[in-house]
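Participant: got a sequence here, can you build the structure:
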Amino acid sequence: MIQLNISDIQHFSVGDGPGIRTTVFLKGCNLRCPWCHNPETVSRDTVTLTYPKANKSVTYGRSMTVDEIVTEVMEDADFYRQSGGGVTLSGGEPLLQAEAVAKLSQALQGHGISVLLDTAGCVPWCRFEAVLPSVDTVFFDWKTSDPTIMRERIGGDLPLIKSNLARLLRTDKGIHVRIPLIPGVNTSEEALTAIAADLRETGAKTVALLPFHRLAVGKYEAMGIPYPYRDTPPLPADTLRRAAEILSPSFTVYAEK
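Facilitator: Next comes the predicted model:
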């Protein structure tokens with residue numbers, strides 16, 4: 001029986017795709033973004049977050065079968081259908097569990113539920129091939145076009161990511177390219193110009209901008225690990241505006257909250 005390593009299942013999510021959604025967060029990530037907003041999902045192991053002031057702890061990480069997950073998310077099926085929502089598979093990197101994720105998405109598709117895959121794209125193409133037939137939409141995060149930053153600070157393979165995005169954009173799926181705007185990483189004119197050049201080569205036409213925030217700082221404290229962006233302020237509005245100006249000659253640009 002196929003098991004999935006799950007961090008959490010979040011019901012009534014309105015920030016992980018269109019409509020009302022349930023987001024299944026999978027455990028494990030092969031990248032190490034220092035600004036990660038879901039640090040509890042990075043390790044494949046169970047992680048407990050301790051909040052002394054609130055006198056509580058929360059544990060993330062459990063094995064669930066496809067049937068168990070489907071049973072839980074189908075509780076909200078009426079909300080999906082009424083709002084144009086569905087189920088989002090996020091993480092971590094869900095494609096590290098591609099075979100199991102494919103079985104889950106096939107089961108959801110069989111119930112008429114729309115499935116959205118949220119990925120950073122740094123996996124062999126065969127993992128996309130396993131999942132794409134039963135996925136409607138893909139959120140693809142593009143973090144940087146600087147190979148040194150990608151390799152040394154994030155731990156990713158920029159040519160692989162670029163190749164995967166180009167191949168995705170040639171499919172009939174809804175592919176949404178998203179750029180998390182991180183101070184000191186990709187908000188300069190030089191960095192954004194390089195991103196624009198790479199994305200044009202992949203065939204991207206539309207990009208979404210995700211402004212940096214510090215909402216995860218409490219998670220890092222609860223995990224007892226340092227957060228490099230603890231003292232970094234939220235992205236200024238003029239930085240977001242300037243990023244849109246740099247990218248808009250090449251793409252349709254919009255900002256997400």
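
Participant: what about the nearest residue to Gly224 once chain neighbours are set aside, which helix or strand?
Facilitator: Closest residue to Gly224 apart from its sequence neighbours, by C-beta to C-beta, 6 or more residues apart in numbering: Thr50 at 7.6 Å. Just so you know, the C-beta spots here come from the backbone N, C-alpha and C atoms, and that holds for glycine as well. Using DSSP states H and E, Thr50 sits within strand 47-51.

Participant: for Glu190, what is the enclosing helix or strand?
Facilitator: Assigned by DSSP H and E, Glu190 falls in helix 189-202.

Participant: pLDDT below threshold where in the chain?
Facilitator: Of all residues in the chain, none has pLDDT under 70.

Participant: all helices for it, in order.
Facilitator: Secondary structure of the chain (DSSP state H): helices at 66-73, 77-83, 98-110, 125-131, 147-148, 158-168, 189-202, 217-223, 237-247.

Participant: OK, contacts around the one residue sitting closest to the centre of the chain?
Facilitator: In the chain, the centroid-proximal residue (C-alpha atoms, centre = their mean) is Asp118; its distance is 4.2 Å. Applying C-beta atoms under 8 Å, 6 or more residues apart in numbering to Asp118 gives the contacts 16, 88-91, 94, 138-139, 141.

Participant: can we see that at 10 Å?
Facilitator: Residues in contact with Asp118 (C-beta atoms under 10 Å, 6 or more residues apart in numbering) are 16-17, 23-26, 88-95, 137-141, 176, 178.

Participant: buried sites along stretch 242-257?
Facilitator: 243-244, 246-247, 250-251, 253 (16 or more other C-beta atoms under 10 Å).

Participant: what of stretch 203-219?
Facilitator: Taking 16+ other C-beta under 10 Å as the neighbour-count basis, stretch 203-219 is seen to contain the buried residues 204, 207-214, 216, 219.

Participant: including distance to Pro183, could the helices of the chain go into JSON lines?
Facilitator: Compiled in JSON lines, these are given as follows (distance: least, C-beta to C-beta, whole Å):
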{"stretch": "helix 66-73", "distance to Pro183": "36"}
{"stretch": "helix 77-83", "distance to Pro183": "34"}
{"stretch": "helix 98-110", "distance to Pro183": "32"}
{"stretch": "helix 125-131", "distance to Pro183": "31"}
{"stretch": "helix 147-148", "distance to Pro183": "17"}
{"stretch": "helix 158-168", "distance to Pro183": "20"}
{"stretch": "helix 189-202", "distance to Pro183": "11"}
{"stretch": "helix 217-223", "distance to Pro183": "15"}
{"stretch": "helix 237-247", "distance to Pro183": "8"}
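
Participant: from those, which stretch is densest packed?
Facilitator: helix 98-110 (a mean of 20; mean count of other C-beta atoms under 10 Å).

Participant: residues making contact with the strand holding Thr50?
Facilitator: Strand 47-51 is contacted from outside by 7, 27, 39-41, 56-61, 218-224, using C-beta under 10 Å, 6+ apart.

Participant: quick one: terminal-to-terminal distance for stretch 132-141?
Facilitator: Chord length of stretch 132-141, first to last residue, is 17 Å (C-alpha to C-alpha, to the nearest Å).

Participant: can you check stretch 113-126 too?
Facilitator: 24 Å.

Participant: and if you look at stretch 33-51?
Facilitator: The first residue of stretch 33-51 is 23 Å away from its last residue (C-alpha to C-alpha).

Participant: residues contacting stretch 196-204, please?
Facilitator: Here stretch 196-204 makes contact (C-beta under 10 Å, 6+ apart) with 140, 142, 144-145, 158, 161-170, 175-177, 179, 195, 205-207, 246-252.

Participant: which residues does the closest residue in space to Pro226 that isn't next to it in sequence contact?
Facilitator: Closest residue in space to Pro226, ignoring its immediate chain neighbours: Tyr220 at 6.9 Å, by C-beta to C-beta, 6+ apart. By C-beta under 10 Å, 6+ apart, Tyr220 lies in contact with 36, 39-40, 49, 214, 226-230.

Participant: kind regards, and thank you for your time.
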